[in-house]
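Participant: build me a structure from this.
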Amino acid sequence: MNDIPPLTHPDDMPPVHTQADLWRHWRALMGPLGFSERLLWVILLTAEGRVTPVVQQVEDLPRLPDPGLLDPLMSVIGQVCGELGEGTAAVLLSRPGGAGITPAGRTWAQQLSDAAAAADVRLWPVHLANDDELVTLSPDDLALPRAAAG
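Facilitator: Numbering: from 1, shown residues only. Model (predicted):
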């Protein structure tokens, strides 16, 4: 899908019920791809699949994740999701550079998923965006060996 879905106010965006819905939401939010730094994007969804209006960006990310960042982040996300009732969270890691899932991206996705599980946060599959593509990391992607390069 090369067309970028229109980004409108969260109340006017279609609800997220499927992985394809979430991908379209991220694609609308990202707009034209191209990034100057590594960012972690966090959105929260209600039990009805409505995306809350706040999009949190975490800047100055290291190449590889740090549990000292992820554990407190997921703790806060868990608290807010609890306030939403049956809320869920979705995260996207953006980075400059070309297409492909790098070992560092895979490590980020795995550690984000692990931190969410430890904090009892219901987390959608992690998404990665670079200058060329936006992809969803499947459980099979996370099962591949992790490495420190990339």
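
Participant: who touches the residue most central in space within the chain in this structure?
Facilitator: Computing the C-alpha centroid of the chain and ranking residues by CA atoms, centre = their mean puts Val91 first, at 1.8 Å. Taking CB atoms under 8 Å, 6 or more residues apart in numbering, we find Val91 in contact with 40-43, 112, 123-124, 126-127. From N, CA and C alone the C-beta is placed, and that goes for glycine too.

Participant: got it, and Leu93?
Facilitator: Here Leu93 is in contact with 38-41, 61, 105, 108-109, 112, 126-129 (CB under 8 Å, 6+ apart).

Participant: what's the closest of those residues to Val16?
Facilitator: Out of the contacts of Leu93, the one with the shortest distance to Val16 is His127. That distance is 12.1 Å, counting by CB to CB.

Participant: tell me the bridge partners for that closest one.
Facilitator: Under DSSP bridges, the beta-bridge partners of His127 are Leu92, Thr136.

Participant: least trustworthy helix or strand in the chain by mean pLDDT?
Facilitator: Lowest on mean pLDDT, DSSP states H and E among the helices and strands of the chain sits helix 139-143, with a mean of 68.

Participant: phi, psi for Val58 please.
Facilitator: Torsion angles at Val58 (phi, psi; degrees, to the nearest 10) stand at phi -110, psi 120.
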